[in-house]
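*Asks:* Sharing a sequence plus its predicted fold:
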Amino acid sequence: MVIPQTALVEPFYEGSVQRLFAVPADDSVMVTQTTSKGSVFDVGALFEIGGNDVNRALFRHVLYSKMSDPTVWQRVKAAIESDSDLTAGYRTELISGALEEACSKGAKTHHEGMLDAVTGEVCREGVPANPSAYNVVRKYQILKPVRSDFLGSHLFDYSRFPQEDGFVVPLEYIVRFGITSASSVYRKYRAMDEKSRRAFEGELGVTRPLEAWQYLEKPVGDFTSKFEPEDRMVSKQEALVMSGLSGEQFVDSGKLAILGAWAVRQLVEEIGLLMWDIKWEFAKDGNDLVFVDTIDTDSFRATMFLDFEGGKYVNHYNKQAMRDYFTLLHGDWIEDIKTAKSLGQEKGVAFTEILAAGQADGKYAVTPEVDPVFLQVQEQKMTAIRDYMLGVAEAPGVKQSLIEAGTEELKFYEAKGKLDGFRKINGIS
């Protein structure tokens, strides 16, 4: 298949970090263009990291291509079987069913390949001679729940989903190998009383108190809504009802999310990164469950522990680094976002509308710009990871490049007088 970039003129969808194009004469697929822009706090594109359009598209292409390879899943199975921290029952349940098929046939994804930037050919295996920001994926329906108002509450009706097929499951699947200090789950947990904490631990499936920067005894999965005005955490029982899947399919989707997370973990550990959590989405395609949506370094939390000026710090290699930047240097803007989100939940509308109106009236702080020095450090990180994905740099050299970039980030905060603030949210005692 050849799709010249000149044919991709008007996107039918344009988001903060991605554009979608129809493919002439083939309505079963579409072209995704990843931009170099980034978004945090759900407020749209805020910054731009040079070269990150191709970097992110390349990560997606290489990873999804690997996921169709049975040997990737055979390695995941071997890792699970050799993990002595897992209980026998958990291990047996995880490697049965979905993993058995993946070890035989590979996993199903919506990925069809990457466009060569020069020829427009769709590269399905390996990397094109001229990597681009364009990937080709199969299309699935986006069905949204119907909102109902009940005595001042806002409810969402998912009753149509079980009767449909070929749709994106209306959930985000979050898999956690460990707990970070900035994770929403940890913040929620810290705000609970002891009784609520014990119940929450049971819902997550952990057997000991949650601690920041500690790996769990086993990876756990939790869920958030996908197509409501604001994402909200839902229980496993509610997630099953919302999903539109049968009980068996839902269980398989939860297992696949954990198994896919393990595959990514193995990939990033080769370059010295620790992976803490990752988000997945699935589509229902008949009896098949299909990995869909973007997957790149912004889809998971990966870190290194770095020693600097007598202290030990957690350094991030995804957009958590950008969240920390805004938190430390633009706290007034962050507080206004929190206020707008709270009002949005009360009124049942998108908080971005409230935020924009408040900024126009001078009530809320304007959206800040990012220091170019800090952006350059993020570009160093992403370039190193890209070179590894391309196979032009070996793992040890990439690891060293990532250490150097992380150290430069710490020097940036030191120069800004914010190292102590960074230590409070990312320091390791």
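*Replies:* Right, received. Where do you want to start?

*Asks:* In terms of helices and strands, where is Phe21?
*Replies:* strand 18-22 (DSSP states H and E).

*Asks:* what's that strand packed up against?
*Replies:* strand 13-14, strand 29-34 (3 or more CB pairs under 8 Å, 6 or more residues apart in numbering; DSSP states H and E). Every C-beta, even on glycine, is put in place using the N, C-alpha and C of the backbone.

*Asks:* if you set the cut-off to 10 Å instead, what comes out?
*Replies:* strand 13-14, strand 29-34, helix 52-67, strand 134-138 (3 or more CB pairs under 10 Å, 6 or more residues apart in numbering; DSSP states H and E).

*Asks:* Just checking the distance from the shortest one to the centre of its chain.
*Replies:* Read that as strand 13-14. Centre-to-centre, strand 13-14 and its host chain are 19 Å apart (CA atoms, centre = their mean, to the nearest Å).

*Asks:* Which elements pack onto it?
*Replies:* Counting by 3+ CB pairs under 10 Å, 6+ apart, strand 13-14 packs on strand 18-22, strand 29-34.

*Asks:* residue contacts, the residue nearest to Thr180 when sequence neighbours are not counted?
*Replies:* Closest residue to Thr180 apart from its sequence neighbours, by CB to CB, 6 or more residues apart in numbering: Trp276 at 5.1 Å. Contacts here follow CB atoms under 10 Å, 6 or more residues apart in numbering; on that basis Trp276 touches 175-180, 182-183, 213, 215-216, 265, 300-303, 314, 316, 318, 320.

*Asks:* Equivalent analysis for Lys347, please.
*Replies:* Per CB under 10 Å, 6+ apart, neighbours of Lys347: His154, Pro229, Glu353, Ile354.

*Asks:* ok, and the most crowded of these?
*Replies:* Using other CB atoms under 10 Å as the neighbour criterion, Ile354 leads the contacts of Lys347 with 22 neighbours.

*Asks:* Please report how far Gly310 lies from Leu419.
*Replies:* Shown here: Gly310 relative to Leu419, a distance of 11 Å by CB to CB, to the nearest Å.

*Asks:* try Gly247
*Replies:* Gly247 is 50 Å from Leu419, by CB to CB.

*Asks:* Can you show me the strands along the stretch 201-350 of the chain?
*Replies:* For the stretch 201-350 of the chain, applying DSSP state E, counting those that start in this stretch gives strands covering 214-225, 233-234, 274-285, 288-292, 300-308, 311-316.

*Asks:* List the buried residues in stretch 106-125.
*Replies:* 106-116, 120-123 (16 or more other CB atoms under 10 Å).

*Asks:* among the residues you listed, which two are most distant?
*Replies:* Ala107 and Gly120 (27.4 Å; CB to CB).

*Asks:* If you count surrounding residues, which of Gly247 and Leu419 has more?
*Replies:* More crowded of Gly247 and Leu419, by other CB under 10 Å: Leu419, with 20 against 9.

*Asks:* Next up, the contacts around the spatially most central residue of the chain.
*Replies:* What sits nearest the mean C-alpha location of the chain, by CA atoms, centre = their mean, is Ser299, with 1.9 Å. With contact taken as CB under 10 Å, 6+ apart, Ser299 is in contact with 56, 59-60, 63, 264, 277-281, 293, 318-319.

*Asks:* try it again with 6 Å
*Replies:* Lys279 (CB atoms under 6 Å, 6 or more residues apart in numbering).

*Asks:* same check, this time on Phe177
*Replies:* Tyr215, Pro219, Trp276.

*Asks:* same thing but at 7 Å, please
*Replies:* Tyr215, Leu216, Pro219, Arg265, Met275, Trp276, Asp277 (CB atoms under 7 Å, 6 or more residues apart in numbering).

*Asks:* Next, it: secondary structure please.
*Replies:* Here Phe177 takes the strand state, with states given by DSSP: H, G, I helix; E, B strand; the rest coil.

*Asks:* give me the number of residues near Ser82?
*Replies:* 9.

*Asks:* That one and Val76: what is the separation?
*Replies:* 11 Å.

*Asks:* what's the closest non-adjacent residue to Ser132?
*Replies:* Ala117 (3.8 Å).

*Asks:* Hmm, Tyr325 and Phe374 touching each other?
*Replies:* Yes: between Phe374 and Tyr325 there is a contact at 5.9 Å, judged by CB atoms under 7 Å.

*Asks:* the more surrounded of those two?
*Replies:* Comparing Phe374 with Tyr325 by other CB under 10 Å, the one with more neighbours is Tyr325, at 27 against 19.

*Asks:* returning to that earlier point: and of the helices and strands packed on strand 18-22, who's closest to Asp252?
*Replies:* Per CB to CB, nearest to Asp252 of those: helix 52-67, 15.4 Å.

*Asks:* Quick check: closest non-adjacent residue to Lys381.
*Replies:* Per CB to CB, 6+ apart, closest to Lys381 is Ala405, 4.7 Å.

*Asks:* For Val373, grab the count of nearby residues.
*Replies:* So Val373, with other CB under 10 Å, has 13 neighbours.

*Asks:* Where does it sit, in terms of helix or strand?
*Replies:* helix 372-390.

*Asks:* which helix of the chain spans the most residues?
*Replies:* In terms of residue count, the longest helix belonging to the chain (DSSP state H) is helix 247-269.

*Asks:* Could you pull out the buried residues of that helix?
*Replies:* 249-268.

*Asks:* For that helix, enumerate the helices and strands it packs against.
*Replies:* helix 52-67, helix 70-82, helix 98-105, strand 171-179, strand 214-225, helix 236-243, strand 274-285, strand 288-292 (3 or more CB pairs under 7 Å, 6 or more residues apart in numbering; DSSP states H and E).

*Asks:* want to throw these into TSV with distance to Gly348?
*Replies:* Formatted as TSV, the helices and strands packed on helix 247-269 follow (distance: least, CB to CB, whole Å):
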stretch	distance to Gly348
helix 52-67	33
helix 70-82	41
helix 98-105	37
strand 171-179	20
strand 214-225	13
helix 236-243	18
strand 274-285	24
strand 288-292	27
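
*Asks:* Which of those sits closest to Tyr413?
*Replies:* Closest to Tyr413 of the helices and strands packed on helix 247-269 is strand 274-285 (CB to CB; 20.5 Å).

*Asks:* now could you export just the CA positions of that closest one as CSV?
*Replies:* The C-alpha trace of strand 274-285 is given here as CSV (Å, rounded to 0.1, in the frame of the first residue of the first chain):
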residue,chain,number,x,y,z
LEU,A,274,12.1,1.5,35.7
MET,A,275,8.4,1.3,34.6
TRP,A,276,5.8,2.1,37.2
ASP,A,277,2.5,2.2,35.3
ILE,A,278,1.0,2.3,31.8
LYS,A,279,-2.4,3.0,30.2
TRP,A,280,-4.0,0.8,27.5
GLU,A,281,-7.2,0.9,25.4
PHE,A,282,-8.9,-2.0,23.6
ALA,A,283,-11.4,-2.5,20.9
LYS,A,284,-14.0,-5.3,20.7
ASP,A,285,-13.8,-6.9,17.2
